[in-house]
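[1] Quick one: sequence plus predicted model below, questions after.
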Amino acid sequence: MSEGAEPRETQGDPSLFQFTGGLLERSIYVERPADRLLPEALLAGSYCHILAPRQIGKTSLCFRAARALQKDGVRCALVDVTAAGTPSTPEEWYFGLVDEIARRLKLPDPLDAWQRRPGVAPAQRFRDYVRALVEDDPTERRVVVFLDEIEMVRLSPVDVDDFLLILRSFHEERGQSPALRRLSFCLIGVTTPNDLIKNKSVTPFNVSKPIRVDDFTRPEIDALAPGLASLDADPAALLDGVYRWTDGHPYMTMRACFELSRQRRVRRGHEAEAADAVVRALFLDRPLEDTNLNYAARRFEDAKFDREGARLADKVQLYRRVLAQKDPPAHNESAVQMELRICGMVKDVEVAPGKRVLRPRNRIYESALDMDWLRSKGDRRFVSDAVWRWLDSGKNEAALLRGVVLEKALVWAQSNVLSEDEQAFLDASQRHETHVLEAERTRITLEVAAVQTAQCEVQDELTRAREALARATTDRDAAEEARRSLEEQRTALKASVRKTKWWLYTALMGLLLAAVIAAVVVQQTRSQVSKLATEASARAADAISAQHRADDLRREIDNLKPQVAALREKEEELKKKDAELKTKQDEIAQKDEELQKRDADIVAKDEELQKKLKIVASVNAYIARNKDLDDSLKRTEKTLNECRDAKAKLERQVKQQQWATPPTPTTTQRNDPYSP
């Protein structure tokens, strides 16, 4: 078609795409490996089971397997467990199953044979009837019984464990009765082995071969191209657009192709937009109106499907990891993984030889049941957000709970069933809190010891300072005493000098007086010179004597000069000692101020030490309460386990009562595997 030309109004063939109900002859059927594996296993005499999500093609697979087996001479009975209606007693239920098997195998009416043994338990009569099917068959043809909707046995008035144990007994008795080797069962349903049977040691699923019914691969859905061939578009491109959303989900792929085949205008080159529009209209605009998405969302949070290890918290945590593309490893024995697979929300994908991981089922599930939807389920949990942050951070200690929040979480945990991640998160929070408290207590203890050591050092330094002060005071007193002694010596020396000066002055004055007198006498008594010559000689002798005495005084004065110099030196030394004493007094005053400051610091540190000691006491009390809380938690866990046992016992009693008087389900309930 040339560019810009109007597209031709054409229409595909919607009748080729059947996405509900039994498979019609003209409908397109996409073959998968299971179409080969199932008939081969049943033909070889193996028991098989197909436990998979809703609307994945399990029933159509069994119809085609039965046709293939019948061509090989195998008698096949495709039995819907819900076909017997709503029996109220085990006898009615077992007879309804026997009657359905007889009808499917075109055998005589089993009513007469059933009523001939009224005293035998219904389970035993069912067992004997099935055994007779193969033991009394002269043709010795193989018999295969398909039991569809097997999950509905849980709602029947019979004990599920007993019924499944009967099926297992046929397999175990093959050694005693070779005819039983020609009998095989195939169980089909939307359930997990954990949902059906509690005693895993006697379950038929560990002697049965699981048949994987995977989603379509991209090459496999090329078989749908004929239904889109009449549209004025590239069928391969349309299938590519659908596959990008459905990832081969059988129901979603068929329904999207059905809607595309009804389109009258699909422009070539716009196949992807057309596929996107159809998928959004069918599944994403109102996701919970789709039966598959609605079933997955309801079953995800339904308490009826909670099992040990597969509770709501476990499902929330696992699905969160899947949405976050953490690629958790696939484990076939994991209860929570089996539950999410049965919900149809996830599937295991082989990313490397021998390595399978969980991924979202497809982009439709990933978009409709996304992280926001998941948070609406997880926000009801008290610690779910904290657990998510902890896991997202790679279990970083900074994301753990502490203090009052941790105490509240532990109180909450006593009355709630925890997932493995929640339990690990609370345990890690408790360990971290205890470690932090121990570290804080150790730090405070070390700090108290350091303060005490510093206090001792300050006390020692204070003692040394006081001793230095005492020595300085003693030195000051000694210097003062030396100063007083020097002062007294200086005073005595000054007195001696004054006295010496006085004697010298007196002598000089005497000499001057004598000279004056002599001059006067000489002038007045020249005439008497001769008379007085003798007297003058005597006086001259006295003068000479006085001169000698003056010389002696001068010598004495010269002798006193060193003493005066020594006294001056001592005076200088006293001045220096006075200066040193003042310096020491200033140092002593400064040390007194420092000691006063240290005394104030010691008082402040003593107060801080008292506060920290109070903190240590409160921490010790908290640790003691924490240990009491651990003991209380252990007792509570023990009580919880007892309550769980009592609850399980009560549930069994309630189930027995429900089986004794079951409600009458509507037609919609019988057709919806989710409805109780």
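    Structure's in. What do you need?

[2] The stretch 1-150 of the chain: strands as residue ranges?
    47-51, 75-80, 143-148 (DSSP state E, counting those that start in this stretch).

[3] Direction-wise, compare the last one with strand 47-51 and give the angle.
    Meaning strand 143-148. 20 degrees (axes from the mean of the first three to the mean of the last three CA atoms, to 10 degrees).

[4] Which residues belonging to the helix or strand following strand 143-148 are considered buried?
    Sequence order places helix 160-172 as the next helix or strand after strand 143-148, per DSSP states H and E. The neighbour-count check on helix 160-172 (16 or more other CB atoms under 10 Å) flags 160, 163, 164, 165, 166, 167, 168, 170, 171 as buried. From N, CA and C alone the C-beta is placed, and that goes for glycine too.

[5] coming back round to it: mean pLDDT for the strands of the stretch 1-150 of the chain - can I get that in JSON lines?
    Converted to JSON lines, the strands of the stretch 1-150 of the chain look like this (pLDDT from 0 to 100):
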{"stretch": "strand 47-51", "mean pLDDT": "92"}
{"stretch": "strand 75-80", "mean pLDDT": "93"}
{"stretch": "strand 143-148", "mean pLDDT": "95"}
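
[6] Among the ones you listed, which comes closest to residue 183?
    Nearest to residue 183, of all the strands of the stretch 1-150 of the chain, is strand 143-148, at 5.2 Å by CB to CB.

[7] So in that sheet, which strands flank that closest one, and in what orientation?
    Using DSSP bridges, strand 143-148 pairs in its sheet with strand 75-80 (parallel), strand 183-189 (parallel).

[8] and of those strands, who's closest to residue 520?
    strand 183-189 (170.3 Å).

[9] For the longest helix seen in the chain, what is the distance to the chain centroid?
    In the chain, taking DSSP state H as the definition, the longest helix is helix 529-660. Centroid separation between helix 529-660 and its chain, computed with CA atoms, centre = their mean, to the nearest Å, is 54 Å.

[10] thinking again about what came up before, okay if I get the strands of the stretch 1-150 of the chain as TSV plus mean neighbour count and distance to residue 602?
    Listed next are those as TSV, based on neighbours: other CB atoms under 10 Å; distance: least, CB to CB, whole Å:
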stretch	mean neighbour count	distance to residue 602
strand 47-51	23	78
strand 75-80	21	91
strand 143-148	23	89
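
[11] For the stretch 301-450 of the chain, just list every one of the helices.
    Taking DSSP state H, counting those that start in this stretch, the helices of the stretch 301-450 of the chain run over residues 312-323, 335-343, 363-368, 371-378, 384-392, 403-413, 420-524.

[12] For the strands paired with strand 143-148, could you give me TSV that also reports distance to residue 641?
    Compiled in TSV, the strands paired with strand 143-148 are given as follows (distance: least, CB to CB, whole Å):
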stretch	distance to residue 641
strand 75-80	40
strand 183-189	31
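
[13] What sits closest to the most centrally placed residue in the chain if chain neighbours are left out?
    Note on the chain: the residue nearest the mean C-alpha position is residue 390, at 3.3 Å, using CA atoms, centre = their mean. Nearest residue to residue 390 in three dimensions, chain neighbours excluded: residue 399, at 4.1 Å (CB to CB, 6 or more residues apart in numbering).

[14] Make JSON lines out of the strands of the stretch 1-150 of the chain and add distance to residue 32.
    Listed next are the strands of the stretch 1-150 of the chain as JSON lines, based on distance: least, CB to CB, whole Å:
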{"stretch": "strand 47-51", "distance to residue 32": "12"}
{"stretch": "strand 75-80", "distance to residue 32": "19"}
{"stretch": "strand 143-148", "distance to residue 32": "18"}
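
[15] just so I know, which of these lies nearest residue 435?
    Using CB to CB, these put strand 47-51 closest to residue 435, at 45.5 Å.

[16] That closest one - contacts with which helices or strands?
    helix 34-43, helix 58-71, strand 183-189, strand 208-210 (3 or more CB pairs under 8 Å, 6 or more residues apart in numbering; DSSP states H and E).

[17] Now do it: distance to the chain's middle.
    39 Å.

[18] Stretch 169-186 now?
    Taking mean C-alpha positions (CA atoms, centre = their mean), stretch 169-186 and its chain are 51 Å apart.

[19] give me every residue that touches the spatially closest residue to residue 127 that is not a sequence neighbour.
    Leaving aside its chain neighbours, residue 127 sits nearest to residue 166 (5.2 Å; criterion: CB to CB, 6+ apart). Residues in contact with residue 166, defined by CB atoms under 8 Å, 6 or more residues apart in numbering, are 123, 126, 127.

[20] Name the nearest of these relative to residue 235.
    Closest to residue 235, out of all of the contacts of residue 166 and judged by CB to CB, is residue 126, at 50.2 Å.

[21] Tell me how many other residues surround the closest residue to the closest one other than its chain neighbours.
    Of all residues not flanking residue 126 in the chain, residue 94 sits nearest, at 4.3 Å (CB to CB, 6+ apart). Other residues lying near residue 94 total 26 when counted by other CB atoms under 10 Å.

[22] Equivalent analysis for residue 482, please.
    14.

[23] pLDDT wise, what is it at?
    Predicted confidence (pLDDT) for residue 482: 78.

[24] follow-up on the earlier one: between helix 403-413 and the longest helix of the chain, find me the angle.
    Going by the same axes, to 10 degrees, helix 529-660 makes 20 degrees with helix 403-413.
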